[in-house]
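Q: Need coordinates for the below:
(4 chains)
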Protein chains: 2
Amino acid sequence: MDTSQLLKGVLDLAVLAALRDEDGYGYEVLRRLRQAGLDEVGDASVYGTLRRLFRAGVLTSYVVPSEEGPHRKYYSLNDTGRTKLEESVRTWKDFTDTMGQLLKGAA
Amino acid sequence: MDTSQLLKGVLDLAVLAALRDEDGYGYEVLRRLRQAGLDEVGDASVYGTLRRLFRAGVLTSYVVPSEEGPHRKYYSLNDTGRTKLEESVRTWKDFTDTMGQLLKGAA
DNA sequence: GCGTAGTACTGCGCTATGCGTAGTACTATC
DNA sequence: GATAGTACTACGCATAGCGCAGTACTACGC
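A: Numbering: from 1, shown residues only, chains lettered A, B, ... in the order given. Here you go, the predicted structure:
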């Protein structure tokens, strides 16, 4: 089973969760996710997801110049984003419960 | 969040699990999955997954004529399939654990 | 001063896979 | 003979994660 396929649809949720308590820029979100255990997630996937979520109107964005490298594009959850996060968490939990039922008794 | 995206990669696992205890044909597997709670899964997705798993060599297949409709193509887990099922279950559990960590404290 | 490494982001094209739809074919029922 | 349910196949689409190349800036070592 390929982990990259499992991420489909879930990366949105993971990124939203990573921004829940604190704003963050792409590279940092990537580090947060990898540290949380999603060590195989690609950088382009995270940047892409951030852009997609931004276009979808659930994130706001602001650029901060950095003194130790290139500028950083910070992202922040807005109200729509927080609502979407809650909804997505529920959908995810329902889904994993269903799968748990199906796998009951398996290995 | 879209349920159909969540299924990516997981449908393999669901189908293998549905065939764990008993052989089954496509239409029946579809019913088992829907009954288990995956009520939005499309029929073409299940047939496609069965064909893919068959090509991958984890399922064997035999055709049984039916007296109450068209013929039925039964699928059966072979040893490779059972191994893959166990592996996939582990991958899935690890993945959901990781996500659980990430979502800890969320809604 | 130049190459390498780390940071930070963008854009392009590929691929896997679930889904919608149409089509085939058989049985049963009205 | 038309419709509905069963059972499967085939075609093409859309989504989204990923690999890779490219840009740009800082810092360190030679």
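Q: what residues are up against the residue nearest to the spatial centre of chain A?
A: By Cα atoms, centre = their mean, the mean C-alpha position of chain A lies nearest to A:V15, the distance being 1.4 Å. Contacts here follow Cβ atoms under 8 Å, 6 or more residues apart in numbering or on different chains; on that basis A:V15 touches A:29, A:33, A:46, A:49-50, A:53. For the C-beta atoms, the positions are set from N, CA and C on the backbone; glycine is no exception.
Q: that's a strand at it, yeah?
A: No - counting by DSSP: H, G, I helix; E, B strand; the rest coil, A:V15 falls outside a strand, being helix.
Q: Name the nearest of the contacts of A:V15 relative to chain B.
A: Relative to chain B, the closest of the contacts of A:V15 is A:L33; by Cβ to the nearest Cβ it sits at 7.6 Å.
Q: what about the closest one, which helix or strand?
A: Using DSSP states H and E, the element containing A:L33 is helix A:26-36.
Q: Report the buried residues of that helix.
A: A:26, A:28-30, A:32-33, A:36 (16 or more other Cβ atoms under 10 Å in any protein chain shown).
Q: now it: mean pLDDT?
A: Per-region confidence: helix A:26-36 scores 96 on mean pLDDT.
Q: now for it, which elements pack on it?
A: Contacts defined by 3 or more Cβ pairs under 8 Å, 6 or more residues apart in numbering or on different chains; DSSP states H and E place helix A:26-36 against helix A:10-18, helix A:43-55, strand A:72-77, helix B:79-103.
Q: Would you mind finding the most buried of the ones you listed?
A: Highest mean neighbour count of the helices and strands packed on helix A:26-36: helix A:10-18, a mean of 24 (counted as mean count of other Cβ atoms under 10 Å in any protein chain shown).
Q: Is that one in proximity to DNA strand D?
A: Yes - for helix A:10-18 and DNA strand D, the contact criterion (Cβ under 7 Å from any atom of the strand) is met by A:10-12.
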